[in-house]
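# take this sequence and fold it.
(chains A and B)
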Amino acid sequence: GENVEQHPSTLSVQEGDSAVIKCTYSDSASNYFPWYKQELGKRPQLIIDIRSNVGEKKDQRIAVTLNKTAKHFSLHITETQPEDSAVYFCAASNRYGGATNKLIFGTGTLLAVQP
Amino acid sequence: DAEITQSPRHKITETGRQVTLACHQTWNHNNMFWYRQDLGHGLRLIHYSYGVQDTNKGEVSDGYSVSRSNTEDLPLTLESAASSQTSVYFCASSESRGHGYTFGSGTRLTVV
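Numbers count the residues shown, from 1 in each chain, chains lettered A, B, ... in the order given. From the prediction side, this is the model:
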């Protein structure tokens, strides 16, 4: 089955700097890669996702890149702000035909943005 | 507004007891999932369902069971609670060709 590894487990940056979180996956059939943000005591919430037919996707200060050959994808946050502090999870899934939709998650990255 | 709700929010139970955690969604989603969240392990899939009467085992299904008798509900049962099952449990749902999950607010379960 699918296995997703995520690094680093903790990341501390200064406000205004960039943050990068990296994930690798094992199943070459995976074609959907979402990222979730979980604030302390809250539920995980989808912040951005990418499908395997796209190499990069941006949404304001957040971007995700995908390298299918190497089977890794990354989350990039630019101009970090204190409210970006949270745990971030990557995930992978095979969505073809809707037949398989379960997400396998990485172990999470605790991002701390220092004012 | 459509939502996904979990109950209870907090539960303390004794070792060996049977416990059921409720998950109810009004999105009319076919797909529903149960995860547990533990420090250092992230979110691990327990059981999932792609529709009524369909259930499947996830990565960490031992000691847990689910049933899907209607679209809205996927209750999670711990047959005989163990201290290793102390965790935060999240339910989630998605469309069949979904764009990611909608998570419930979680249930914090403590087994003493």
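
# now do the nearest residue to A:Tyr25 once chain neighbours are set aside against chain B, distance only.
Of all residues not flanking A:Tyr25 in the chain, A:Ala92 sits nearest, at 4.4 Å (Cβ to Cβ, 6 or more residues apart in numbering or on different chains). The C-beta positions use only the backbone N, C-alpha and C, and glycine is treated the same way. According to Cβ to the nearest Cβ, to the nearest Å, A:Ala92 stands 12 Å off from chain B.

# and for A:Val113?
When A:Val113 is compared with chain B (using Cβ to the nearest Cβ), they lie 21 Å apart.

# tally of neighbours for that residue?
20 (other Cβ atoms under 10 Å in any protein chain shown).

# what about the strand ranked longest in chain B, near chain A?
Ranked by residue count and defined by DSSP state E, the top strand of chain B is strand B:42-51. Yes - judged by Cβ under 8 Å from any Cβ of the partner chain, strand B:42-51 comes into contact with chain A through B:42-45, B:48, B:50.

# what lies in contact with the helix or strand hosting A:Ser74?
Element membership of A:Ser74, judged by DSSP states H and E, is strand A:72-77. Identification of contacts with strand A:72-77 by Cβ atoms under 8 Å, 6 or more residues apart in numbering or on different chains yields A:18-25, A:33, A:35, A:48, A:50, A:61-67, A:84, A:88, A:90, A:111.

# give the pairing partners of it; include direction for each.
strand A:19-25 (antiparallel), strand A:62-67 (antiparallel) (DSSP bridges).

# I'd like the next helix or strand past that strand.
Counting by DSSP H and E, what follows strand A:72-77 is strand A:86-92.

# residues near A:Ser26, how many?
13.

# which strand residues bridge B:Asn56?
B:Tyr48.

# list the residues that contact it.
Contacts of B:Asn56 by Cβ under 8 Å, 6+ apart are A:102, B:47-50.

# max pairwise distance over these: which two?
Spatial extent of those (Cβ to Cβ) is set by the pair B:His47 and B:Tyr50 at 11.5 Å.

# those two: which is more packed in?
B:His47 (23 against 19).

# so what pairs up with the residue lying closest to that one once chain neighbours are set aside in the strands?
Once flanking residues are discounted, B:His47 sits nearest to B:Val66: 4.3 Å by Cβ to Cβ, 6+ apart. Per DSSP bridges, the residues bridged to B:Val66 are B:Leu76.

# just to revisit the earlier point, what's the most buried one of the strands paired with strand A:72-77?
strand A:19-25 (a mean of 20; mean count of other Cβ atoms under 10 Å in any protein chain shown).

# and that one, how far out from the chain middle?
6 Å (Cα atoms, centre = their mean, to the nearest Å).

# so for residue 101, what's the pLDDT?
By default, I'm working from chain A. The confidence metric pLDDT takes the value 75 at A:Asn101.

# not quite, go with chain B.
At B:Tyr101, pLDDT is 88.

# what angle do the host helix or strand of A:Tyr36 and strand A:86-92 make?
Taking DSSP H and E as the criterion, A:Tyr36 maps to strand A:32-38. Relative orientation of strand A:32-38 versus strand A:86-92 (axes from the mean of the first three to the mean of the last three Cα atoms, to 10 degrees): 160 degrees.

# hey, C-alpha coordinates of strand A:32-38 in CSV?
C-alpha atoms of strand A:32-38 as CSV (Å, rounded to 0.1, in the frame of the first residue of the first chain):
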residue,chain,number,x,y,z
TYR,A,32,-3.9,13.4,-6.0
PHE,A,33,-1.8,15.2,-3.4
PRO,A,34,-3.6,17.5,-0.9
TRP,A,35,-2.1,19.6,2.0
TYR,A,36,-3.9,20.2,5.2
LYS,A,37,-3.3,22.7,7.9
GLN,A,38,-4.3,22.0,11.5
